[in-house]
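Chemist: Sequence and predicted model, in that order:
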Amino acid sequence: MYVHSFAGGWLSHPLWRSRLLISSNEELERIRSSSSEIVIDTAKGCDVATARPIQTPISPRSTRASGRFGRADQARATELAQRSKAVVNAMFADCRLGKGVPTNDILAVVDDIADSLNNIAAFISVTRLKAQDDQTYTNSVAVCALMISLARELGYPAAAVRDLGMAGLLHDVGKSTISQDILLKAGPLNEAETIEMRRHPTQGYDILAATTGLPPVALDVCLHHHERLDGLGYPFGLKAEAISTATRMASICDVYDAITSIRPYAPGKSPLEAVTEMETAEGHFDRALLFQFMGSIGVYPAGKLVRILGDRLAVTLPHNHNGIGPVFRTFYSTVDTRFLRHQDVILTEDLADGTTVIAEDPGSWFSEPWATMAARIMAGDRSV
Ligand SMILES: [Fe+2]
């Protein structure tokens with residue numbers, strides 16, 4: 001067995017070299033008894049059923065979140081988030097005074113966020129932190145960033161990306177008409193407060209309709225972002241066919257930000273917990289868009305069937321917390337229609353060429369129940 005690398009620091013290595021051919025049981029036992037994870041190169045040595053083959057990096061679109069960022073990225077993201085929140089705060093104040101939306105200021109914020117999105121992970125990370133008195137403004141900024149990221153993942157042209165970012169930033173402008181007592185209430189709202197709060201989409205639409213120069217998609221998203229595909233949303237109870245793609249995108253971004261927000265009275269869920277919960281919310285979200293959203297933030301629940309590298313079916317592996325991107329285990333060729341030797345592929349943005357991750361329906365490929373099959377592949381069962 002050829003060891004390609006050890007995870008962790010040098011001191012934790014059970015052997016004296018990082019890369020070497022394991023040729024004795026003694027060396028194998030030293031590895032087994034250590035806490036180090038290893039990556040083996042099956043091209044240079046034997047393979048084992050439960051080991052992870054050498055990991056091949058592939059690159060997503062360069063704007064996809066990587067989950068890796070340094071202090072400088074975080075400092076820049078924090079500064080931009082503070083600046084953006086200040087503009088949104090001022091916009092809400094203007095709206096309360098009946099002045100309407102300061103379009104140029106808002107557009108500048110959208111452009112600044114769009115320009116910063118080469119490392120969206122840092123920006124989204126800092127906007128998860130919600131202070132009690134500015135959570136509405138921070139949510140607006142976060143939804144703007146998530147919308148831009150998702151729009152780019154979908155391959156929209158720059159002008160459409162900008163409009164969708166603006167729609168994200170303005171989606172909750174109607175909350176400027178809601179009393180602070182209701183907006184900042186930490187506990188659940190009573191019936192009267194809920195009725196009042198649910199006026200914000202129509203109130204926001206009225207504000208935006210009175211402003212010139214805004215893209216129509218901003219009005220659409222503002223009015224409909226609390227509608228659900230199953231018709232259980234508000235204010236109109238629209239069903240799927242009446243809900244636009246932009247609104248479906250905004251609904252995903254808005255709920256994701258709400259679930260992952262870290263508030264003074266609640267810790268918030270992790271990105272993986274959030275997308276897993278959203279995927280099981282029957283009838284709420286557009287599933288195809290939700291999958292694209294997962295790609296835009298670089299987080300997939302384990303056990304999903306995807307197609308990568310053009311013709312390979314793969315299973316998403318449990319999320320790795322070592323700072324690397326999502327890992328997929330390829331096992332089937334769609335061209336040759338045959339099972340392949342497993343290979344683990346890391347999604348990374350270090351390489352220049354892009355690749356696409358496509359959700360696949362297991363039922364259209366395999367007769368075996370997918371949950372069973374996925375579990376076997378994830379466990380390293382080479383008969384699959
Ligand atoms: Fe809202």
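Modeler: Okay, I see it.
Chemist: All the helices of the protein, residue numbers only.
Modeler: Remark: helices assigned in the chain by DSSP state H are 25-33, 71-96, 103-115, 120-127, 135-153, 158-170, 180-183, 191-197, 200-209, 216-224, 245-260, 271-279, 287-297, 370-378.
Chemist: could I get those helices as CSV with distance to residue 315, mean neighbour count and mean pLDDT?
Modeler: Every C-beta, even on glycine, is put in place using the N, C-alpha and C of the backbone. Output for the helices of the chain, formatted as CSV (distance: least, Cβ to Cβ, whole Å; neighbours: other Cβ atoms under 10 Å; pLDDT from 0 to 100):
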stretch, distance to residue 315, mean neighbour count, mean pLDDT
helix 25-33, 25, 12, 67
helix 71-96, 31, 17, 90
helix 103-115, 34, 17, 93
helix 120-127, 24, 24, 83
helix 135-153, 21, 26, 94
helix 158-170, 31, 23, 97
helix 180-183, 43, 13, 91
helix 191-197, 42, 13, 96
helix 200-209, 39, 20, 97
helix 216-224, 34, 22, 98
helix 245-260, 23, 23, 97
helix 271-279, 15, 18, 94
helix 287-297, 14, 21, 93
helix 370-378, 5, 17, 94
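Chemist: I'd like the ones you listed laid out as TSV, including distance to residue 342.
Modeler: What follows is those, written out as TSV (distance: least, Cβ to Cβ, whole Å):
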stretch	distance to residue 342
helix 25-33	20
helix 71-96	34
helix 103-115	39
helix 120-127	28
helix 135-153	27
helix 158-170	37
helix 180-183	51
helix 191-197	50
helix 200-209	48
helix 216-224	42
helix 245-260	31
helix 271-279	23
helix 287-297	22
helix 370-378	7
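Chemist: Indicate which one of those helices is closest to residue 314.
Modeler: The closest of those to residue 314 is helix 370-378. By Cβ to Cβ, the value is 8.8 Å.
Chemist: Against which helices or strands is that closest one packed?
Modeler: Judged by 3 or more Cβ pairs under 8 Å, 6 or more residues apart in numbering; DSSP states H and E, the packing partners of helix 370-378 are strand 312-316, strand 327-333.
Chemist: So for residue 303, which of the helices of the chain sits nearest?
Modeler: helix 370-378 (4.3 Å).
Chemist: Any idea how far the longest strand along the chain is from the middle of the chain?
Modeler: What stands out as the longest strand in the chain, according to DSSP state E, is strand 338-347. Taking Cα atoms, centre = their mean, to the nearest Å, one finds strand 338-347 lying 23 Å from the centre of the chain it belongs to.
Chemist: Residue 341 touches residue 382, doesn't it?
Modeler: Yes: using Cβ atoms under 8 Å, residue 341 is in contact with residue 382, at 7.5 Å.
Chemist: Comparing the two, which residue is more hemmed in?
Modeler: Per other Cβ atoms under 10 Å, whichever of residue 341 and residue 382 has more neighbours is residue 382, with 14 against 10.
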